[in-house]
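Undergrad: build me a model:
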Amino acid sequence: MAIEKKPHGLIMFVLGALAALAPFTTDMYLPGFPSIARTLHTDIAHVEFTLTSYFLGFFAGQLAFGPVLDRYGRKKPIIFSLILYILAALGCAFAASIHQLIGLRMLLAVGGCVGIVGSRAVVRDLFSGSDLARSLSLQMMIFGIAPIIAPTIGGIVVTLLGWRFIFVSLALIALLVLVAVQCVLGETKGNDFSVSLRPASIVQEYVTVLKSREFVFYAGAGGSVTGCLFAYIAGSPFVYIDLFGYTATQFGWIYGINACGLVASNQVNRMLLKKYESRDVLLACTVAQSSTALVLMAGARMGFLPNIAIMGLILCVLFCFGLALPNATALALEPFSRNAGSAAALFGSTQMIAGAASTAMVSLLHDGTPFPMALIIFVSAASAFALVSSFALHRPRLRQ
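TA: Numbering: from 1, shown residues only. Okay, here's the model as predicted:
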């Protein structure tokens, strides 16, 4: 059955679940770090390398699978990647050493990254313009539920069954998603054997994507707003627990509230797009985000903001992120149809580079205050605003 004949909401739910594998894979096993270290006779520092290997695999996997999605259609590569994910997750569950776990986590990322790239490519196949942005918002709303529930589920599984069953659970979740993909999603793009998988041709395909100034500006903006999110993820445990004195349980509730803000912002974005174009919404929310981040940075530096105000400003920054990312994604992918998979992969890789850079800078600038986190949030938000506003000012001239 063709995908177009399926209910829109059901399609978006499956695509959202497909994309949600990524945050489940990173967030669900975090409560198991101490147990993993004890079982595999290592320390937390080595366990943290399983996150590093995951991000490296995610980055490389997106670039590798982008052209595959353009050559062989969307459904077959997605199904293959889910099978790879399931096997890698079961391998992680039976890992006998930390080195095995590090390697298998990289393989897990290669299988899981196609969920995000493939789901974006499918949405681009089906929609364009404001419909594309609205559909991406609905997908992200479903995607945003994962960070709320994943750490809690992971903590329960670790307590009751042990850390190895986290990866068994991930394999079962992926199996359910695989069944849903097989039953609900039809093929939205047929085979295109004109797309070569030779390394030189793949590089040329990405060069072609990068020749689109629209893609460069909006992918840069998407990566920049993602830098805000990663700076928050990197800095918030220290700020909320060590500085503000909240317990791990209270931090979990705060984390959940912020994640709920992301979900709500995507719903607001869908309503805004009924009246306004994606470009207008993106410009407005980057203005709001950079202004809020400026107040946050100044307050963190000068110490005139109470803790609750800092938390409120961070919630506002994340709310703006939820508005900005779907529109930046839609605008970046809009010029592409034949090579939407490559464009989606390059967009996702831009996010990973920006996220890695922002987390590294928060760590390098650590000074025992909230300022490093606030500074990187502001720099990221201001960069997004600069890119979006610059393209808006020069767009008529660029199109001539």
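Undergrad: may I have the host helix or strand of I78 as CSV, with CA atoms only?
TA: When secondary structure is defined using DSSP states H and E, the element that contains I78 is helix 75-93. Output for helix 75-93, consisting of C-alpha atoms alone and laid out as CSV, is shown next (Å, rounded to 0.1, in the frame of the first residue of the first chain):
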residue,chain,number,x,y,z
LYS,A,75,12.3,2.0,3.0
LYS,A,76,14.9,-0.7,2.3
PRO,A,77,17.9,1.2,3.8
ILE,A,78,15.7,2.1,6.9
ILE,A,79,14.8,-1.6,7.4
PHE,A,80,18.4,-2.7,6.9
SER,A,81,19.6,-0.1,9.4
LEU,A,82,17.0,-1.2,12.0
ILE,A,83,18.2,-4.8,11.7
LEU,A,84,21.8,-3.6,12.1
TYR,A,85,20.7,-1.6,15.2
ILE,A,86,19.0,-4.6,16.8
LEU,A,87,22.0,-6.9,16.3
ALA,A,88,24.3,-4.2,17.6
ALA,A,89,22.1,-3.6,20.7
LEU,A,90,22.1,-7.3,21.5
GLY,A,91,25.9,-7.3,21.0
CYS,A,92,26.1,-4.4,23.6
ALA,A,93,24.0,-6.5,26.0
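Undergrad: off-centre distance for that helix?
TA: Put simply, helix 75-93 sits 19 Å off its chain's centre (Cα atoms, centre = their mean, to the nearest Å).
Undergrad: what comes up buried for the next helix or strand after that helix?
TA: Toward the C-terminus, helix 75-93 is succeeded by helix 98-126 as the next helix or strand (DSSP H and E). Neighbour-count burial for helix 98-126, counted by 16 or more other Cβ atoms under 10 Å, picks out 98, 101-126. Every residue, glycine included, has its C-beta placed from N, CA and C.
Undergrad: show me what contacts L387?
TA: Contacts for L387 were tallied using Cβ atoms under 8 Å, 6 or more residues apart in numbering; they are F217, Y218, G220, A221, S224.
Undergrad: from F215, how far out is it?
TA: 12 Å (Cβ to Cβ, to the nearest Å).
Undergrad: what do you get for S291?
TA: Applying Cβ to Cβ to S291 and F215 gives a distance of 27 Å.
Undergrad: assign V388 to helix, strand or coil.
TA: Classification of V388 into helix, strand or coil gives helix, according to DSSP: H, G, I helix; E, B strand; the rest coil.
Undergrad: name the next helix or strand downstream of the helix or strand of the chain with the lowest mean pLDDT, please.
TA: One helix or strand of the chain scores below all others by mean pLDDT, DSSP states H and E: helix 129-143, with a mean of 71. Sequence-wise, the next helix or strand downstream of helix 129-143 (DSSP H and E) is helix 146-160.
Undergrad: distance check, K75 against S81.
TA: K75 is 11 Å from S81, where distance means Cβ to Cβ.
Undergrad: those two: who's more crowded?
TA: Using other Cβ atoms under 10 Å as the criterion, K75 and S81 rank with S81 on top: 26 against 19.
Undergrad: tell me which residues touch the residue lying closest to the more buried one once chain neighbours are set aside, please.
TA: Beyond its immediate neighbours in the sequence, the residue positioned closest to S81 (Cβ to Cβ, 6 or more residues apart in numbering) is V114, lying 3.6 Å away. When contacts are counted by Cβ under 8 Å, 6+ apart, V114 is found next to G61, Q62, F65, L69, P77, I78, S81, L82.
Undergrad: what about the spatially closest residue to the last one that is not a sequence neighbour, how many residues nearby?
TA: To tie it back to what came earlier, the one meant is L82. When the adjacent residues along the chain are set aside, L82 lies closest to L178, with 4.3 Å between them (Cβ to Cβ, 6+ apart). When counting by other Cβ under 10 Å, one arrives at 18 neighbours for L178.
Undergrad: L178: helix or strand, and which one exactly?
TA: L178 belongs to helix 164-184, assigned by DSSP H and E.
Undergrad: give me the mean pLDDT for that helix.
TA: The predicted model assigns helix 164-184 a mean pLDDT of 93.
Undergrad: now for the helix or strand just after it, which elements pack on it?
TA: Once the chain leaves helix 164-184, the next helix or strand it forms, by DSSP H and E, is helix 199-210. Helix 199-210 makes packing contacts with helix 44-71, helix 340-364 when contacts are defined by 3 or more Cβ pairs under 8 Å, 6 or more residues apart in numbering; DSSP states H and E.
Undergrad: buried residues in helix 199-210?
TA: Judged by neighbour count using 16+ other Cβ under 10 Å, the buried positions of helix 199-210 are I202, E205, Y206, V209.
Undergrad: before we move on, what about stretch 305-323?
TA: Across stretch 305-323, burial judged by 16+ other Cβ under 10 Å covers 305, 310-311, 313-323.
Undergrad: same question, stretch 67-86
TA: Neighbour-count burial for stretch 67-86, with 16+ other Cβ under 10 Å as criterion, is recorded at 67-75, 77-79, 81-82, 84-86.
Undergrad: same deal with stretch 22-36?
TA: Within stretch 22-36, the residues scored as buried using 16+ other Cβ under 10 Å are 22-29, 31-33, 35-36.
Undergrad: which other helices and strands does the helix or strand hosting Y255 contact?
TA: Secondary structure assignment for Y255, by DSSP H and E: helix 248-272. On a contact count with 3+ Cβ pairs under 8 Å, 6+ apart, helix 248-272 meets helix 129-143, helix 146-160, helix 213-237, helix 307-333.
Undergrad: fine by me, we can end here.
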